[in-house]
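Novice: Whatever this is, show me its structure:
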Amino acid sequence: MILSISGVVLLGIVVFIFFRKDGLKPSHAIISMLFGFYLASTAIAPSIKAGGESLAGLLGGINF
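Specialist: The predicted model follows:
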């Protein structure tokens, strides 16, 4: 639950910065769509959420 809430907040901040700084580019649109899927409760949202959690786990497991 904490990961999904922090993910929504992080993506919301990133989308806001993209709109304010550069306008909306294709790569920014993908992040905006991810933000929408996290907020929506559609049938595909759990799959995207699971993908985001696995990516976060992968990035969290990297040791520098």
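Novice: going forward, measure contacts and count neighbours with C-alpha atoms only.
Specialist: Will do.
Novice: Are there helices or strands packed against whichever helix in the chain runs longest, and which ones?
Specialist: Under DSSP state H, the helix in the chain containing the largest number of residues is helix 2-21. In terms of contact count using 3 or more CA pairs under 8 Å, 6 or more residues apart in numbering; DSSP states H and E, helix 2-21 is assigned the packing partners helix 26-39.
Novice: how many degrees apart are the helix it packs on and helix 2-21 in direction?
Specialist: Orientation of helix 26-39 against helix 2-21 (axes from the mean of the first three to the mean of the last three CA atoms, to 10 degrees) gives an angle of 140 degrees.
Novice: Flag every buried residue along helix 26-39.
Specialist: Under the neighbour-count criterion of 16 or more other CA atoms under 10 Å, helix 26-39 has 28, 31-32, 34-35, 37-38 buried.
Novice: separation between Leu39 and Leu55?
Specialist: Distance from Leu39 to Leu55, counting by CA to CA, to the nearest Å: 18 Å.
Novice: So what touches the helix or strand bottoming out on mean pLDDT in the chain?
Specialist: Scoring the helices and strands of the chain by mean pLDDT, DSSP states H and E places helix 2-21 at the bottom, with a mean of 73. Around helix 2-21, the neighbours that count as contacts under CA atoms under 8 Å, 6 or more residues apart in numbering are 24, 28, 31-32, 34-35, 38-39, 49, 53.
Novice: Next, the buried residues of it.
Specialist: Residues of helix 2-21 classed as buried by neighbour count (16+ other CA under 10 Å): 7-8, 11-12, 14-15, 18.
Novice: Nearest to Ala43 among those?
Specialist: Taking CA to CA as the measure, Ala43 lies nearest Val8 of these, at 17.8 Å.
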